[in-house]
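Engineer: Build the 3D model from these lines:
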Amino acid sequence: MSWKAIHRWLGLTVGALAVVLGVTGAILAIDPVQQAWQAPTAPGELPVATLVERVTRNIQGVEEIRHLPSGAVVVFSFAGDQPLASYVDATDGRVLGAWQPSAVPRWVKNLHRSLLLGDAGRWGAAGTALVMALLCASALVLLLRRMGGWRRLAARVRGSLAQRIHVVAGRVVLAVLCLTSLTALTMSASTLGLVALNAPSEPEVFSSVTGKPALPGAQLAALQSLPVQDLRKLNLPSATDPEDTWTVATSQGHGWIDRYSGQMLAWQDATIAQRVNDWAVVLHTGEASWPWAVILGLMGASLLLFWLSGAVIWWQARRSAPHITGNTPLGQADVLIFVASEGGSTWGFAQALQDALSQAGHHVHTSALENFQTTAATRQIFVLAATYGEGQAPAHASNVLAHIAKLTACAVPVTVLGFGDRQFPAFCAFAEALDRKLRAKGWPELLPLECIHQQSGQQFARWGTALACALGEPLALDYVPRVPPTTALTLIARQDYHGATGQATAILRFAWPALGLGACLRGRGLARFAAGDLVGILPPDSAVPRFYSLASGWEDGFLEICVRQMPGGLCSTHLLGLQVGDSIAAFIRLNPGFSLPQSQRPVLLIGAGTGVAPLAGFIRRNDRHRPLHLYFGGRDPSLDFYFGPEIQQWLGEGRLASLQTVFSRVPGGGGYVQDVLRRDAERLRGLVTEGALVRVCGSRAMAQGVAEALDTVLAPLHLSVSQLKAKERYAEDVF
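Structural biologist: Numbering: from 1, shown residues only. Okay, the predicted model is just below:
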């Protein structure tokens, strides 16, 4: 079972009990805070003998002096037959007020410690603590996977509101929750009798009656050398039993003191188990430090938020879970399709491939990649494999390479189709590793490995054409993306450009629909997006979305894109025909590989044409005046210098550190953007040496030219674009 499955099912089932323990623990955290505020802390270096003298001078019938973990001193005494418990001022022994053992109802404590079920409930609470420890371990593994390792653990969290709540809060409190679960297990071990805290037996000691009067507490040598900070409890000898002793308890152990000589009659060191348990109590309850108790209370209360956000995430995943239709039983299928997908989108491609092969007369069975196998009827195998994180397999397929290594290859061809994002250094790395493993084991292939960028339907269709040729039969891949819930966006402004090639272009600004919390938690709406993310837009009479890079973030209060008319383009025609007040259906696709991490490192922004849109969005939100350097390439400054006035304004405001422009269709325009990069080589090398990041946006041909130019520029530094990509300093958004 994968870590993801462990985390999901433990959280959904036993997690409800953990919420009960967390909320009751938050209530119990009130006690240490209340105790710390009700009485002053006793001076730590004050001798216990002096404290005894001050207390007995002010209070009659003292039986016990207790030094609370909060630092306050409580005295238990009798006034006649009436028992009293009082806070005292350790500096003079004055009574400050009555002491109450707890302000929290007893049933809350019983609910927290035993779920109101006695001994059986104590075992249940211990089991829940163990589950919490496993949840914390699985959460850490999943968190590292999601963020891309320890180095990116503090990076910006993207996703739905429920995902951000779950990850951000978990990143903050995971260590504390793990600590509380481990300390709860430690305390439960003693409560359930699994570990003995005290020594097997106490020594039998009696004061030696000498006929001399008993010494007052202030004159006992053992108490004169004991500071209050080490004291836990001191019991005074009974006035009616001449053989009774003083009994003292400290963090180091227990002692019995002769009432006549003042000497220590016996001493028992605290066991290792007792010391460990004492630390567990302090760390679990916060009773020795009220600020820590406040933190524990907040962490306990946060479990409810964790459970709710986790339940929403599970529900969202369940709603988008793959449902393959028309699946032939495994033993009857001549074509097998195996899928590895982290978010579920790859299953849509598998469904399209299955439908096409079925229409061509094949019997097709589709399953998850961890079920990889062959049967006597198998003639072709296709593997559709997405890459997750830093080149890892999707969680459910984490052991697939080891599984395939144990299989004996046969003559059935296995064709691998990879899915990934070129912005990441490990683009389709898992698919590549899988393909290498299959070939090394001797499995033949029908087609060489192909890698699909950002779930491109066009690339998938081209691969389908090659597959049809290889199979020698007609095959039409009709892939329809599984579109997430959309939101209506209303156009509120537009800037029109004629374009240097006669193609109309416009910057379109849509109102940002601020939806309610419930819709955001369910993954609907556009609660959070950033410049560089993608907006998917569904044109009329089409189920296939077109994606545009965002020139704004949610903090800007609007959604903005730059659209150029494409020949025969269904979506661009629709968008450019919009009037103010018209609406579109849209959704957000996060693009974390292109976003800028939080830092003050310089950034080289390189764009051409409408590719300047996300770069303009970065500059717009540069409130901290991070050094951003823009290289923009167009054709004619009077026709296609998109965001030109805004860029000039941002330059004057310091949001943009420098601007270099080139225009290829005007005399003296400077050529193409890669030309200005070569001319500015010395400056670029200096910025890269300072740790600059690089973001490139534009056509694929432009991005290739920029990469070649930068390879030349960086050669004297023994650096290349591929090395910058490997260090996550270089990212592209190409179309």
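Engineer: Could you measure from the spatially most distant residue from the centre of the chain over to Pro242?
Structural biologist: Distance from the C-alpha centroid of the chain peaks at Gly211, with 72.5 Å (CA atoms, centre = their mean). Gly211 is 10 Å from Pro242, where distance means CB to CB, to the nearest Å. (C-beta placed from N, C-alpha, C; glycine too.)
Engineer: In three-state terms, label the closest residue to Cys178 other than its chain neighbours for me.
Structural biologist: Excluding its sequence neighbours, the residue lying closest to Cys178 (CB to CB, 6 or more residues apart in numbering) is Cys136, at 3.9 Å. The three-state label given to Cys136 by DSSP: H, G, I helix; E, B strand; the rest coil is helix.
Engineer: Please verify my assumption that Cys136 contacts Val173.
Structural biologist: No - look at Cys136 against Val173 with CB atoms under 8 Å: they stay out of range, at 9.9 Å.
Engineer: Can you report how many residues neighbour Leu197?
Structural biologist: Residues contacting Leu197 under the criterion other CB atoms under 10 Å number 16.
Engineer: got a list of what it touches?
Structural biologist: 190, 271, 273-274, 277 (CB atoms under 8 Å, 6 or more residues apart in numbering).
Engineer: try Arg259
Structural biologist: 207, 214-215, 237, 244-246.
Engineer: now do Leu508
Structural biologist: Applying CB under 8 Å, 6+ apart, the residues near Leu508 are 491, 493-494, 560-563, 575, 578.
Engineer: what's the closest non-adjacent residue to Glu690?
Structural biologist: Per CB to CB, 6+ apart, closest to Glu690 is Pro602, 5.8 Å.
Engineer: Give me the phi and psi angles of that neighbour.
Structural biologist: Torsion angles at Pro602 (phi, psi; degrees, to the nearest 10) stand at phi -60, psi 160.
Engineer: Tell me how many other residues crowd it.
Structural biologist: Neighbours around Pro602, by other CB under 10 Å: 19.
Engineer: That one and Val694: what is the separation?
Structural biologist: For Pro602 relative to Val694 (CB to CB), the value is 10 Å.
Engineer: Just to check, Gln274 is in contact with Met187?
Structural biologist: No - assessed by CB under 8 Å, Gln274 is found out of contact with Met187, at 11.9 Å.
Engineer: neighbour count winner among those two?
Structural biologist: Per other CB under 10 Å, whichever of Gln274 and Met187 has more neighbours is Met187, with 22 against 19.
Engineer: Partner strands of the longest strand seen in the chain, with direction?
Structural biologist: The longest strand of the chain (DSSP state E) is strand 487-497. Strands adjacent to strand 487-497 in the sheet, as given by DSSP bridges, are strand 505-511 (antiparallel), strand 583-589 (antiparallel).
Engineer: Please convert the ones you listed to TSV, extending it with distance to Cys469.
Structural biologist: Listed next are those as TSV, based on distance: least, CB to CB, whole Å:
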stretch	distance to Cys469
strand 505-511	38
strand 583-589	32
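Engineer: what about the strands in the stretch 251-400 of the chain?
Structural biologist: Here the stretch 251-400 of the chain has its strands, by DSSP state E, counting those that start in this stretch, at 253-257, 264-269, 335-340, 364-368, 380-386.
Engineer: Quick one: those as TSV, columns for distance to Thr374 and mean neighbour count too.
Structural biologist: Formatted as TSV, the strands of the stretch 251-400 of the chain follow (distance: least, CB to CB, whole Å; neighbours: other CB atoms under 10 Å):
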stretch	distance to Thr374	mean neighbour count
strand 253-257	69	21
strand 264-269	67	15
strand 335-340	7	26
strand 364-368	11	21
strand 380-386	7	24
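Engineer: So the residue nearest to Glu690 is in contact with Leu628, correct?
Structural biologist: Yes - here Pro602 lies in contact with Leu628, judged by CB under 8 Å, at a distance of 7.5 Å.
Engineer: can you count the residues close to Val412?
Structural biologist: 17.
Engineer: ok, it - contacts?
Structural biologist: Contacts of Val412 (CB under 8 Å, 6+ apart): 374, 378-381, 443-444.
Engineer: Just the buried ones among those residues, please.
Structural biologist: 374, 378, 380-381, 443 (16 or more other CB atoms under 10 Å).
Engineer: For the stretch 551-700 of the chain, which segments are assigned as helices?
Structural biologist: For the stretch 551-700 of the chain, applying DSSP state H, counting those that start in this stretch gives helices covering 570-576, 612-620, 637-640, 644-653, 673-679, 681-689, 700-714.
Engineer: Just the residues contacting whatever helix or strand comes next after the longest one, thanks.
Structural biologist: So the one you mean is helix 700-714. The helix or strand immediately downstream of helix 700-714 is helix 721-726, counting by DSSP states H and E. Contacts to helix 721-726, defined as CB under 8 Å, 6+ apart, come from residues 425, 688, 694, 707, 710-711, 714, 730-731.
Engineer: Out of the residues you listed, the closest to Leu305 would be?
Structural biologist: Ala731 (32.8 Å; CB to CB).
Engineer: Who are the contact partners of that closest one?
Structural biologist: 423, 593-594, 694-696, 725.
Engineer: how about it, secondary structure?
Structural biologist: Under three-state DSSP, Ala731 comes out as strand.
Engineer: if I look at it, how far off is Pro597?
Structural biologist: Taken as CB to CB, the span from Ala731 to Pro597 is 11 Å.
Engineer: Nearest residue to the middle of this protein?
Structural biologist: Centre-most residue of the chain, counting by CA atoms, centre = their mean: Val167, 2.9 Å.
Engineer: That residue contacts Leu143, correct?
Structural biologist: Yes - the pair Val167 / Leu143 is scored as a contact, 6.7 Å apart, by CB under 8 Å.
Engineer: returning to what we had before: in CSV: the contacts of Ala731, plus neighbour count and pLDDT.
Structural biologist: Formatted as CSV, the contacts of Ala731 follow (neighbours: other CB atoms under 10 Å; pLDDT from 0 to 100):
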residue, neighbour count, pLDDT
Gln423, 23, 61
Gly593, 18, 77
Phe594, 23, 86
Val694, 22, 96
Arg695, 23, 96
Val696, 27, 95
Lys725, 21, 86
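Engineer: And the lowest mean pLDDT element among the helices and strands of this structure?
Structural biologist: The weakest-scoring helix or strand in the chain, judged by mean pLDDT, DSSP states H and E, is helix 517-521 (a mean of 46).
Engineer: Give the partner strands of the very next helix or strand once past it in its sheet and their orientations.
Structural biologist: With elements assigned by DSSP H and E, the helix or strand that comes after helix 517-521 is strand 534-537. If you go by DSSP bridges, strand 534-537 pairs up with strand 546-549 (antiparallel), strand 583-589 (antiparallel).
Engineer: Pull strand 534-537 out as CSV, backbone CA atoms only.
Structural biologist: Taking C-alpha atoms only, strand 534-537 is exported to CSV below (Å, rounded to 0.1, in the frame of the first residue of the first chain):
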residue,chain,number,x,y,z
LEU,A,534,-2.9,29.1,-17.2
VAL,A,535,-6.6,29.8,-17.7
GLY,A,536,-8.5,27.1,-19.7
ILE,A,537,-11.3,28.6,-21.8
